[in-house]
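Engineer: All I have is the shape, not the residue letters:
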């Protein structure tokens, strides 16, 4: 069965510090992996995605993520966090099937940034 | 493009009342998804459409929920009768065929008293 685990419900970091948000997935087929960000009162915005090729993918807002098949992980990183990064982050897994694209989301990690 | 449009943004209703949530996908997108977000269950896919046809409604919680897509530019999610446990944020998302990114609307926050 497909599932996504984000083990950290809430993370607090200082502005300027580095960040890593964890994501582990379980998927029967080759996964497509996504990170979305949700600011308060807003919908979800795609940060980055991985389909194939280079396992280190770059996204918007200075974020990157690394796909590690052996660990079934797709952790999100940012070298220096800005106060505007405070939001909720969702990892998702899916597969592009003929005529469909189902996404399974993790429960999210809330990021707080302190001055 | 205006993005995915949802209305209303907030809805407060009383238990037993009918609630209708509306969504206008991005023009040209032929996939439309309805999600529900709660603290307890996170983000759940309720149903999705392809070319106005429901493809998978296995996430619809029960018969009180129904969704329609009468044309390519409009979809509704209806709850009748509503219950307090339906309180959540409901998101609509759309996607173009052959693509992978789903574009989300701002959501409708539903409160059932």
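Structural biologist: Arrived safely. Remember, predicted model here, so these are calculated numbers, not experimental data. Numbers count the residues shown, from 1 in each chain, chains lettered A, B, ... in the order given.
Engineer: Next, please give the residue ranges for the strands of chain A.
Structural biologist: Taking DSSP state E as the criterion, chain A contains strands spanning A:3-5, A:10-14, A:19-21, A:24-26, A:32-38, A:44-50, A:56-58, A:64-68, A:73-78, A:87-97, A:100-105, A:109-114.
Engineer: quick one: contacts of the longest one?
Structural biologist: The contact list for strand A:87-97, computed with CB atoms under 8 Å, 6 or more residues apart in numbering or on different chains, reads A:2, A:4, A:6, A:21, A:23, A:25, A:27, A:29-40, A:44, A:47, A:51, A:74, A:76, A:101-106, A:108-111, B:43, B:100. For glycine as for every other residue, the C-beta is placed from the backbone atoms N, C-alpha and C.
Engineer: are any of the residues you listed buried, and which?
Structural biologist: Among the contacts of strand A:87-97, those classed as buried by 16 or more other CB atoms under 10 Å in any protein chain shown are A:4, A:6, A:21, A:23, A:25, A:27, A:31-38, A:44, A:47, A:74, A:76, A:101-106, A:108-109, A:111, B:43, B:100.
Engineer: Run through the residues of chain A sitting next to chain B.
Structural biologist: With CB under 8 Å from any CB of the partner chain as the criterion, chain A comes near chain B at residues A:32, A:34, A:36, A:41-46, A:49, A:51, A:90, A:94, A:96, A:99-108.
Engineer: can you tell me the helix or strand for the residue nearest to the spatial centre of chain B?
Structural biologist: Residue closest to the average C-alpha location in chain B (CA atoms, centre = their mean): residue B:34, at 3.4 Å. In this structure, residue B:34 sits in strand B:31-38 according to DSSP states H and E.
Engineer: near chain A at all, that strand?
Structural biologist: Yes. Counting by CB under 8 Å from any CB, chain A is contacted by strand B:31-38 at residue B:31.
Engineer: Okay, now the sheet partners of that strand, with direction.
Structural biologist: With DSSP bridges as the test, strand B:31-38 is paired with strand B:42-50 (antiparallel), strand B:88-95 (antiparallel).
Engineer: Which of the strands of chain A has the lowest mean pLDDT?
Structural biologist: Ranked by mean pLDDT, the strands of chain A end with strand A:100-105 at the bottom, a mean of 73.
Engineer: leaving aside the residues next to it on the chain, what's closest to whatever residue of chain A ends up closest to chain B?
Structural biologist: Minimum separation of chain A from chain B (CB to the nearest CB) falls at residue A:43, amounting to 3.5 Å. Of all residues not flanking residue A:43 in the chain, residue B:104 sits nearest, at 3.5 Å (CB to CB, 6 or more residues apart in numbering or on different chains).
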